[in-house]
Structure formats: C-alpha cells, structure tokens
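Asker: turn this into a structure:
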Amino acid sequence: MKYILAALLSTFLIVQFAPTSQAADLDTEKDVKKTNDGTVTFVVRTKSPKANREEALEAGLEDAQAFISNYLHQKEHCCAYTPSIDFIRQNMLKNTIPHEEPFPSSNSPGETNGKRSDLGYFYTVELQLEMPQSMEQQFRKAGRVVSGLWALGCSVAALLVIGAFFRLDEWTKGYLTTWLVVGSAGLISVFIVLMFL
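Answerer: Residues are numbered from 1 along each chain as shown. Presented below is the predicted three-dimensional model:
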C-alpha cells in the first residue's frame, strides 16, 4: 500500500513541477517594453504571409497568444495562464499595422521593381499590444485558480483510487491483494507515460 501512495505522490509532483515546452526564448529587448507604470507593451509580427488581411490578423492574434503565454511563463513568478484570443482582441490590442507586399513576378523572381505583380499580394500584420500591471496580476490570479483546481482534482482522484482499492480488497477478502498492487502499479505507470506523450 505504501508503494501505491508513493507512486501517486510522485505522479502528482511530476505533473505539478515538470517543465513545459511552452517556454521558448523571447527577444525581450526588441519585442517587449515595460513602462514606468508597469504596463508591458508587446510588438508581435506574423511569422508567415497570408492570402488576405483577415487571415493575417487571425494568425497574428494566435502568434500574440503564444507570445504572451511564453512571456508570462518566463517571468520570475511563472504563470501558466493563457488569455483567449477574444480577450486579447478586446482588451489588449492597441494598434494593428498591416503590411502588403506583391508576390514576385514570374519574369524576374525575387524582384518586383516597384511595380504591381500579376500574381497579387500577400499580407502580414504587426500587432501592438498592451498589458497593464493589473491585467498581469489578474492573469496570475487566474493561473493560481487553475493550478489549485488541478491539484484538487488530482487529490480527489487519488483518494477515489485509494478508496476503490480498499473496497475491492475488502470484497475479495485479501485473496487478490498482490494482483491489485501489481495492477495499480501498472495503471500508475501507464498514466505517467501518457502524461508526457
């Protein structure tokens, strides 16, 4: 029984404190600026050109969401909360600068000579976002709530598994205790492996 409890505890600790793959490196001097009042200004550029302005804006908002999530995750007091795209659009987006560039003409690849191309244009967008200090605190609070709910859910699940183990052991009058221990250890191992796939 103590092995099952140790396995459950180690699973919980691994899930809570395992590093995530979200923390990509940021070019903080170029992309993030902090003002005296604590407001953080982000400049996010779309990574790939799109066929129209709406697609470029949506791609820019998705890039901004990933960028903000990485920024919050890399702070000293890490925050695992990610704001939604709608929240970013309504509350954080301050300016949108669309860029339109002609496709290179088929006669001279890579050069447009300042003329309009026969193939049309492709679009990228530059988004300017602001995150006041109060909003960052709100994100941290939401992140703590989400982490607390996950911890509570894991604890309740662990207690249910332990209770089911004792109930099943009682029903079998101890005859299947060894098989229950082996099966429980196997299920915990499978759960740990699935968590990291």
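
Asker: now do the strands in this structure.
Answerer: 32-34, 40-45, 93-102, 121-131 (DSSP state E).

Asker: could I get these as a markdown table with mean pLDDT and mean neighbour count?
Answerer: C-beta here means a position set from N, CA and C on the backbone, and glycine is covered the same way. A markdown table is the format used below for these (pLDDT from 0 to 100; neighbours: other Cβ atoms under 10 Å):
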| stretch | mean pLDDT | mean neighbour count |
| --- | --- | --- |
| strand 32-34 | 75 | 14 |
| strand 40-45 | 78 | 18 |
| strand 93-102 | 80 | 13 |
| strand 121-131 | 83 | 19 |
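
Asker: turn the ones you listed into JSON lines, columns for distance to residue 56.
Answerer: Formatted as JSON lines, the strands of the chain follow (distance: least, Cβ to Cβ, whole Å):
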{"stretch": "strand 32-34", "distance to residue 56": "22"}
{"stretch": "strand 40-45", "distance to residue 56": "10"}
{"stretch": "strand 93-102", "distance to residue 56": "7"}
{"stretch": "strand 121-131", "distance to residue 56": "4"}
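
Asker: out of the ones you listed, flag the one nearest residue 72.
Answerer: For those, the distance to residue 72 is smallest for strand 121-131, at 9.0 Å, taking Cβ to Cβ.

Asker: which strands and helices sit next to that closest one?
Answerer: On a contact count with 3 or more Cβ pairs under 8 Å, 6 or more residues apart in numbering; DSSP states H and E, strand 121-131 meets strand 40-45, helix 53-74, strand 93-102.

Asker: for that strand, which outside residues touch it?
Answerer: With contacts defined as Cβ atoms under 8 Å, 6 or more residues apart in numbering, strand 121-131 is touched by 39-46, 48-53, 55-57, 59-61, 64, 68, 88, 92-103.

Asker: fine, thanks again, bye for now.
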